[in-house]
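Engineer: let's see this in three dimensions:
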Amino acid sequence: MQIKKLDHVGIRVMDVDKSMQFYKALGFKVTREDYKEQVFVVRHPSGIEINLIAHGNCDYDKRNILMDVKAKYPGYTHYAITVESVQNAKHILESINIKITGGPVTFGDGKTSIFIRDPDLNVIEFTELPN
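Structural biologist: Below is the predicted model of the structure:
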């Protein structure tokens with residue numbers, strides 16, 4: 001098998017309209033709205049595609065069970081998007097009222113990151129690669 005690239009990320013959401021507005025604020029465009037399958041696709045000009053699955057029915061008391069509870073359940077904890085500048089990304093996110101929930105932090109591999117949460121509290125990392 002020859003893997004070419006990651007095709008898309010699927011995220012189950014509670015309120016698809018709220019989620020689509022969030023991703024639109026980050027520069028994504030809605031490319032598919034399938035009310036029958038409850039799949040709503042947003043795509044960024046960089047090529048990132050996210051499928052919003054619109055049938056979430058439990059918000060775990062406004063917590064992300066993979067990140068916000070003591071038990072460490074297996075599963076995807078976040079996804080990371082490479083940006084040119086973390087400081088620039090931080091400025092833009094704050095200017096559109098998206099709260100920075102972590103960072104900036106520089107890791108041992110030299111990457112510097114900030115973190116935000118989407119409307120369903122899923123973690124998104126914005127990473128600047130070392131020079």
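
Engineer: beyond the helix or strand N51 falls within, next helix or strand please.
Structural biologist: Assessed by DSSP states H and E, N51 sits inside strand 49-53. Scanning forward in sequence from strand 49-53 by DSSP H and E, the next helix or strand is strand 78-82.

Engineer: what residues does the strand or helix carrying K90 touch?
Structural biologist: Assigned by DSSP H and E, K90 belongs to helix 86-95. Contact partners of helix 86-95, identified using C-beta atoms under 8 Å, 6 or more residues apart in numbering, comprise V83, I100, G103, P104, T112, S113, I114, I116, F126, T127, E128. Just so you know, the C-beta spots here come from the backbone N, C-alpha and C atoms, and that holds for glycine as well.

Engineer: and the angle from the very next helix or strand once past that helix to strand 78-82?
Structural biologist: Proceeding N to C from helix 86-95, the next assigned helix or strand is strand 102-106, under DSSP H and E. Note on geometry: by axes from the mean of the first three to the mean of the last three C-alpha atoms, to 10 degrees, strand 102-106 and strand 78-82 are set 60 degrees apart in direction.

Engineer: for the helix or strand that strand 102-106 is followed by, name the packing helices and strands.
Structural biologist: Sequence order places strand 112-117 as the next helix or strand after strand 102-106, per DSSP H and E. Applying 3 or more C-beta pairs under 8 Å, 6 or more residues apart in numbering; DSSP states H and E, we find strand 112-117 packed against helix 86-95, strand 102-106, strand 123-128.
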